[in-house]
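Trainee: Following is a predicted model, sequence given first.
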Amino acid sequence: QLQLAESGGGLVQAGGSLRLSCFGSGRTFSNYDMGWFRQAPGKEREYVASIARSGEWTYYGASVKGRFTISRDNAENTMYLLMDILTPEDTPVYYCAALNAKTEWAFWGQGTQVTVSS
């Protein structure tokens, strides 16, 4: 079972930047396409970005495109999300996830809270 653990969340002022990390263990990290999601209290989970197992493609949600950058370092079993020009709307809990062979988001981390103050 692939286990994921996010880190790097915290408090940042609007307009600032933050980098999240997602560390994978238990399985070969480079075998999985990965992604980031976020969810605010009382709202549906929102897709943020995804990246291919070798990093050859990346996709972004409309609300973050141009401000966030997803990347990964398979040698370190880690995926990153660099978030720039943050706004209070970027405040939710962020989760990393991995796709299984059925292209389902089957593996999830516990989440890391990001708070953007205005």
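Mentor: Thanks, I have it.
Trainee: so who does the most centrally placed residue in the chain touch?
Mentor: Geometric centre of the chain, nearest residue: Trp36, 2.9 Å, by CA atoms, centre = their mean. Neighbouring residues of Trp36 by CB atoms under 8 Å, 6 or more residues apart in numbering: Leu20, Cys22, Val48, Ala49, Ser50, Ile70, Met79, Leu81, Tyr94, Tyr95, Cys96, Ala97. Heads up, the C-betas are built off the backbone N, CA and C, glycines and all.
Trainee: Ramachandran angles for it?
Mentor: When read as degrees, to the nearest 10, the backbone of Trp36 gives phi -120, psi 140.
Trainee: State the pLDDT value of the closest residue to it other than its chain neighbours.
Mentor: The shortest distance from Trp36 to any non-neighbouring residue, by CB to CB, 6 or more residues apart in numbering, is to Val48 (4.1 Å). Reading off the confidence values, Val48 has pLDDT 97.
Trainee: what distance separates the start and the end of stretch 109-118?
Mentor: 28 Å (CA to CA, to the nearest Å).
Trainee: now stretch 62-78
Mentor: Start and end residues of stretch 62-78 are separated by 24 Å (CA to CA).
Trainee: List of residues touching that stretch?
Mentor: 21-25, 29-30, 34-36, 46, 48-51, 53-55, 58, 60, 79-86, 89-90.
Trainee: State the mean pLDDT of that stretch.
Mentor: Averaged across stretch 62-78, the pLDDT comes to 96.
Trainee: Give me the buried positions along it.
Mentor: In terms of neighbour count (16 or more other CB atoms under 10 Å), stretch 62-78 has its buried residues at Val64, Phe68, Thr69, Ile70, Arg72, Asn74, Asn77, Thr78.
Trainee: quick revisit: from the contacts of stretch 62-78, which land in strands?
Mentor: Residues of those located in strands (DSSP state E): 21-25, 34-36, 46, 48-51, 58, 60, 79-83.
Trainee: Just the buried ones from the residues you listed, in PyMOL syntax?
Mentor: In PyMOL, a selection of the buried entries from the ones in strands among the contacts of stretch 62-78 looks like this (16+ other CB under 10 Å):
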select buried, resi 21+22+23+24+34+35+36+48+49+50+51+60+79+80+81+83
